[in-house]
Structure formats: C-alpha cells, structure tokens
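# Predicted model and sequence below, questions to follow.
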Number of protein chains: 2
Amino acid sequence: MPTIYDIAREAGVSITTVSNILNNKGRFKPETVARVLEAVERLKYRPNFAAKSLAARRTNTVTLSALLTPESFDPLNLQYFGAIAQAVSRSGFNFLLHISHDLESFERFASTGICDGWLLMMIRRQDERIALLKELGVPFVSIGRPDEMEGVDIVDTDFEQTARLALEHLLALGHRRIAYLAEPLEFGYSAIRLRAYLACLKEYGLEGNADLVAETDGTEAGTVRALEALWSRDRSITAIITHDIPALTVLRTLREWGLEIPRDVSVIGCSDSPLAALADPPLTTINLYVERIAEAAAEALARRLQEPEAPPAHILIPARLVVRESTGPAPR
Amino acid sequence: MPTIYDIAREAGVSITTVSNILNNKGRFKPETVARVLEAVERLKYRPNFAAKSLAARRTNTVTLSALLTPESFDPLNLQYFGAIAQAVSRSGFNFLLHISHDLESFERFASTGICDGWLLMMIRRQDERIALLKELGVPFVSIGRPDEMEGVDIVDTDFEQTARLALEHLLALGHRRIAYLAEPLEFGYSAIRLRAYLACLKEYGLEGNADLVAETDGTEAGTVRALEALWSRDRSITAIITHDIPALTVLRTLREWGLEIPRDVSVIGCSDSPLAALADPPLTTINLYVERIAEAAAEALARRLQEPEAPPAHILIPARLVVRESTGPAPR
DNA sequence: GCGCTTTTGTAAAGCGCTTTCATTTTATCG
DNA sequence: CGATAAAATGAAAGCGCTTTACAAAAGCGC
C-alpha cells in the first residue's frame, strides 16, 4: 500500500502539502492540486486509518451499537441498520456497526477510541452502555428512552402519538373493548408504549383496566399464554393492540381458535416491520419513519461532536398509521 | 484517557514493559506484572486502537461486509450477524460489521486498512467486493459462492445436500409434481440452489421441466406473479420448494385461492429463517446451521491471516430438514 | 525596485503505541 | 568466587499521518 510519502514524491511536493490538499486546508495552485490528485489516483492511495486517527486525534467514525439477543430478530432492525448507515454516511462520517452479546465486549470496544461517537439502539430501561459511555466521556445519542434521561441526547418515536393513532383508528371502527399485549416491559419502549396507551384510553373515558393488559415474554409460547390470559379474563375483547412480531403469533392463534380476522377480532401492530405486510392477513400497524429517526440521530450526534457542551436534545419523531387488512369494524 | 506512559509511571516501569506484559511477551516477575495490572485496572487503561494498530501494523480486527438492499430484510441475516460476531470474538479478533449500499462506500472503507481481514456476506454472482479485495491484497473469506471461485476461500451451505433433503422429504410424502420458485437468480445462492434442485430431480428420474420453475423478483407482487405463472402452466403441482421469505407470500396467496396447506399443496422453505416458525402454518424448511457456518468462516479467515500462502479452502456445511406443518402427504 | 501583504509551500514535532536491540540484574556452575 | 548464561527491563526508533510554526515566492502600489 502506498503511503503519503509516495504521493509526495510522485507529485514533487512535501507530505504536508499532500495532507493539506487531501483535507481541503489552505490554498493551493490548481496545478499543484492536480498533480497530487493524479498521483493519488494513479497509485490508488488511501490514507491509513490508524495513522490518520492517531495524528488527528479523531477517527471520523461513528458506531452504532446493537444488542443481539436471540429474541431480537425483528427485520425492522435491518431497516434501522440500513437507514442509520446511510444517514451517518451522509453526515460525513464513516459508519460502523457493533454487535454485542454482553456489556464486556461493548466496553472493550468503546474504550479503545475506535470511534468518535456512538449511536445506541435497543435501549434497556437501565442501559449499562449509557452509564459506561458517560463515565468514559464518549459522546453518544440514544435511539430510544432509558429510565434515566437526564443529560443524554435522545431520539425516539413519539409513543404518545402512536398510541393515539392506534386507539383512534380502533375507536372509529367502533371498538370499545381493546386489549393491549405488551412485549417484555424491561424493554424501555414496551413500558413507554403501554403507559401511553393507558393514558390515551383514559383520555377517551375508557378506563384502562388491568384485565385488558397482558405481557408476553417474547417467545411464541409466551405470546400464546398472554393471549389466553386475556381471553379467559374477558371474552368481549374485539381488538388487540400489540407489537408486530407477537402479532404474527396472535393472528395465527386466533385463527386456530376459529376466529376470523378482522371480522371477529381486529389486530394492530406497532412498528411496521417488514413482516407486517407479509402477515396473513396483512397487518394494520404504525409506521415509525425509520429514515427520519436515523436522520435525526445522525444529526444529533454530529451536533454533539461539534459542540460538546450543547444542552442535550430530546427529539420525538411522529409516526403514521398504515391501514392494511387486520383491522375492521367491531362486531355487534 | 490514560496512555501507556501513565501506566508505566504508576507502576514504576518503562512503557516497553507495560506493552510486553499486556501482550504476553517475554517473561516478567509476577510482582512486576501485578504492579502493572493494578495500575491498568485503577486507571481503567485501554490501549488506543489507532496507536496500537499503527505501531503493530495490524488491527486485530475482522469486518463482516453486508449489503443492505431494500429486499434483504430476512431476519436470518440477523442470525448470521450474531453468530459471526460471536465466532469472530472467540477466535480472538475484534468484530465489526460494515453495511454498504454501494461498492464505493465499501471500497473507501476496505482500503484504509481498518481491519486485517474481511468476511463477505450476500455474495453476488459477479461480486465486485471480491475483485476489489483481491486487487488490494486484503485477506477475506466469502460466505457464499460467486461464479468465479478460483483462489478464494469459501464457506457455504451444501446446496446439493439441501436440495436432496427437500426433495426426498417431498418424494417420501408421495409428491411427484414439484415446482421450484426461485429468488432472483442474480443472487449466487439462488442460481446454485436451482441447479442443485434440477440435478437432484433428474437423479430421481423426474425430469426437470421448465414449466415447474419460476423466478420471483423478490417483491411480494413478483412472488404472486411467479406463483400464478406456475399455476397457469400446470394445475397438477402438489408441492412447491421456495425460499422462506417468498414462502410467506406463497402460503397466503394459496390460501386466498381457496387451497388448504398442506392438504392441497405442500410448501417447503430453504433456510429456516426465524420467520419460518411464525408462518401460518409453520413452515417446513431447511436449517442451515448458521453457527457452524459462522464458525467455519471465522476459522478460515483466521487461518488465512496466519498463513497467507495456504491453498484456498472450499468448505460446504451440511444442513438439516426441519419438518413443521406446511408439508404433508400428496393429495390423490 | 522597495517594502508590504498574500499565496504557496516545507521542516519538524508528535500522536500512543510495538519492536528491536542493548543493558542490567540475577541465577548457575566449576 | 569469578565467569557465564539466563532472566528481566529499558532506550530509542519508527509506524503514517496532522499540525504548528516558519520560510520562500509572488503580487502589488508607488
């Protein structure tokens, strides 16, 4: 691999000049610039990442941290990855994705200074990554809300609005007995969503009733159990709000029980996972505008990197309802 | 952030000693080792990635390259990510995931020397990443087979065997008119799978008939069109071999046509995507042993990094049939 | 042509490590 | 006990860049 010295020699200038030209610093004769660029092109020169990072004391790289647990196989995550990759590239940074199974591997990575800042996904209520990064003084943006939001930049879906979207859609269709089947409440978003749903119910004069709420452990069996619990407590349920992945199981289980969707029961998802459109029947759900979230997160981090002392931002992105075929008028 | 100098000062030794102890080089008095380790612990010292990479002329990092196209949202990819992350960590390397939308972003990255070697996923028939890496002289392992396999380390599923698995299962159930609905043939695996299926059919004296093969463009509409083409050409089809994602659409479309699965038609998938178990009915498919593939790929790359001149390895991993509820005896 | 500014360029230091090679200390042996 | 080998440690060079501080060349008004 050629080094900056090779380019300097070929172009007949000093390495300082090569460096400055490549980084758009200072002014140079067009002719000099052309000679340098030609040499770069000809030798296919790329500045060495390690050397550049070391000298500049910045890596110009942003890393997205994803937790990969056996359960988190929602293809929505792939959409996030792609959208964030693009948004970060657009904001002029290199993009890296780090997948950790445990905090230790995250820590080993985060403390080597391989990147200037982090984007955190799959936020837990007490997310240890946040504590760690704060302690290390490494800039980051949290995509999702931990319990303790003090002093952290946050980009998230506006769950108060998504709850309203789902609920108003069902109310307009005449539903009154609306159940909520939550994903594990240890996931921050799940707890926040439930809270928002309850608040919204109340607002419409429909008391949130504990009978109408169940929690799955994330597994298929758990979802079936939660559904059974809901059903055994209240046969008059005509609609279920849940998340996209459990929705698949809900759809299948209800059909097994001889119920037709949406004739007998309406089901609505929460995040327009790519799966939702493939469900049978295609799932009515809430589209999160993943690209906007990605864009906002990349921007927030770029700002934080530039102005370390700026006050933390909490950005909520609105969503939109996607009506497909799993919701319909409430049965009499 | 503390540097190696801080540790050396605290422990009362030279930086050489700190470096050697941290990298298990040379022999040291247990007492010296203890003093150094204590200082490392106390100051929470981590060697700087850039400095270390620059000095050692290696980064001890392996990157997985994934192409993210709008279509590639199979959650199976998430399983691959997780399994490969673990396998690479186990083999002692840092793991990074790079997601590119275009070759340019891959090239920009690959040529900065941020990692010692690459793992390539989602291989295309003429994969430009392979050409590029070869030209740069950067070690890599291809997970999947490109058209030109000369001189490249390859780890892949044994598609000849998976074709046999699927076919023998269907034959044993009495099926004779077996269709194949392929994903876009530009994806290497799709073409290879089709070829293997055709070869296997022939072996069993069932001539591969062009009427029994259709190709989807990867979209839902495309899958429906392919299915319609198949049906319009031959009403006597009793089983369909396809990939997991299109299988979801196949299942739903057949049901819409008033067919019951598996009573009227059996459907079998190809890769035991996490979706397969959630399908309705749960999909009979082929489990690829993702962990073994990941393990083999990580190992192959580690070997290549150690012995640059070793002859290229082509490793095929066998798969296993997972019988669920989408396949059954052929109708009379 | 003289002093001035502006433009264009360079030399050298240093980022935080690893590595080579030399040096000091300690153990071993006749 | 001195010579020798082995064990333990350190000094210094250098990885490939950026950056600072400074110098040479060119342009300009008079």
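Yes, it's here.
# only C-alpha atoms for contact and neighbour calcs from this point on.
Fine.
# For A:Glu256, what are phi and psi?
Backbone geometry at A:Glu256, expressed as degrees, to the nearest 10, gives phi -60, psi -30.
# and the gap between it and DNA strand D?
Taking CA to the nearest atom of the strand, to the nearest Å as the measure, A:Glu256 falls 63 Å from DNA strand D.
# any idea how far that residue is from B:Val213?
Note on A:Glu256: its distance to B:Val213, by CA to CA, to the nearest Å, is 33 Å.
# out of these two, which sits in the more crowded spot?
Between A:Glu256 and B:Val213, B:Val213 has the larger neighbour count (other CA atoms under 10 Å in any protein chain shown), namely 20 against 11.
# Tell me who's in contact with the more buried one.
Contacts for B:Val213 (CA atoms under 8 Å, 6 or more residues apart in numbering or on different chains) come out as B:Ala179, B:Tyr180, B:Leu181, B:Ala182, B:Leu230.
# now swap in A:Leu165 and tell me
By CA under 8 Å, 6+ apart, the neighbours of A:Leu165 are A:Ile286, A:Arg320, A:Leu321.
# Tell me which two in the contacts of B:Val213 are the farthest apart.
Farthest apart among the contacts of B:Val213 by CA to CA are B:Ala182 and B:Leu230. That separation is 11.5 Å.
# what touches both of those two?
Common neighbours of B:Ala182 and B:Leu230 (CA under 8 Å, 6+ apart) are B:Val213, B:Ala214.
# that older thread, with respect to DNA strand D, which of the contacts of B:Val213 is nearest?
Set against DNA strand D, the nearest of these by CA to the nearest atom of the strand is B:Ala182 (45.3 Å).
# I'd like the distance between the closest one and B:Arg332.
B:Ala182 is 26 Å from B:Arg332, by CA to CA.
# For these two, indicate the residue with more neighbours.
Comparing B:Ala182 with B:Arg332 by other CA under 10 Å, the one with more neighbours is B:Ala182, at 23 against 7.
# Return the residues of chain A in contact with DNA strand D.
A:2-5, A:15-16, A:18-20, A:22-23, A:46-48, A:51-56 (CA under 7 Å from any atom of the strand).
# Of these, grab the buried ones for ChimeraX.
In ChimeraX, a selection of the buried entries from the residues of chain A next to DNA strand D looks like this (16 or more other CA atoms under 10 Å in any protein chain shown):
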select /A:4,15,18,19,46,47,48,51,52,53,54
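# Which members of the residues of chain A next to DNA strand D are positioned in helices?
If you go by DSSP state H, the residues of chain A next to DNA strand D have A:4-5, A:15-16, A:18-20, A:22, A:51-56 in helices.
# The residues you listed also near DNA strand C: which ones?
The residues of those that also fall near DNA strand C, by CA under 7 Å from any atom of the strand, are A:Ile15, A:Thr16, A:Ala51, A:Leu54, A:Ala55, A:Ala56.
# Check the gap between the last one and A:Ala221 for me.
The one in question is A:Ala56. As judged by CA to CA, A:Ala56 and A:Ala221 stand 53 Å apart.
# swap in the third one?
Going from A:Ala51 to A:Ala221 by CA to CA gives 52 Å.
# Now do the strands in chain A.
A:61-67, A:94-100, A:117-120, A:140-143, A:153-157, A:178-182, A:213-215, A:239-241, A:266-268, A:285-287, A:314-317, A:320-322 (DSSP state E).
# So for A:Leu212, what's the nearest residue that isn't a sequence neighbour?
Spatial nearest neighbour of A:Leu212, chain neighbours left out: A:Ala179 (4.5 Å); criterion: CA to CA, 6 or more residues apart in numbering or on different chains.
# What about the one you found, how many residues nearby?
Neighbour count of A:Ala179, defined by other CA under 10 Å: 24.
# Any idea what it is bridged to?
Beta-bridge partners for A:Ala179, by DSSP bridges, are A:Ile240.
# Hmm, it is touching A:Ile237, no?
Yes - because the distance of 6.6 Å satisfies CA atoms under 8 Å, A:Ala179 is recorded as touching A:Ile237.
# in chain A, what residue is nearest DNA strand C?
Counting by CA to the nearest atom of the strand, chain A gets nearest to DNA strand C through A:Ala55 (3.2 Å).
# Now do the same contact list for that residue.
A:Ala55 touches nothing, counting by CA under 8 Å, 6+ apart.
# measure it to A:Leu259 for me?
Distance from A:Ala55 to A:Leu259, by CA to CA: 66 Å.
# nearest residue to the closest residue to chain B within chain A other than its sequence neighbours?
Nearest to chain B in chain A, going by CA to the nearest CA, is A:Ala50, at a distance of 4.3 Å. In space, and not counting its chain neighbours, A:Ala50 is closest to B:Ala50: 4.3 Å by CA to CA, 6+ apart.
# ok, now which ones touch that neighbour?
Residues near B:Ala50 by CA under 8 Å, 6+ apart: A:Phe49, A:Ala50, A:Ala51, A:Ser53, A:Leu54, A:Gly113, A:Ile114.
# is it possible to export the residues you listed to CSV including pLDDT?
Output for these, formatted as CSV (pLDDT from 0 to 100):
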residue, pLDDT
A:Phe49, 96
A:Ala50, 97
A:Ala51, 97
A:Ser53, 97
A:Leu54, 96
A:Gly113, 93
A:Ile114, 94
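# Out of these, flag the one nearest to DNA strand D.
Taking CA to the nearest atom of the strand as the measure, DNA strand D lies nearest A:Ala51 of those, at 4.1 Å.
# is it true that the closest one touches B:Ala51?
Yes - contact criterion CA under 8 Å: A:Ala51 and B:Ala51 qualify, at 7.4 Å.
# Show me the helices in chain A, by range?
Taking DSSP H, the helices of chain A run over residues A:4-11, A:15-22, A:30-43, A:49-56, A:76-90, A:103-110, A:128-136, A:159-172, A:188-203, A:220-233, A:244-256, A:290-306.
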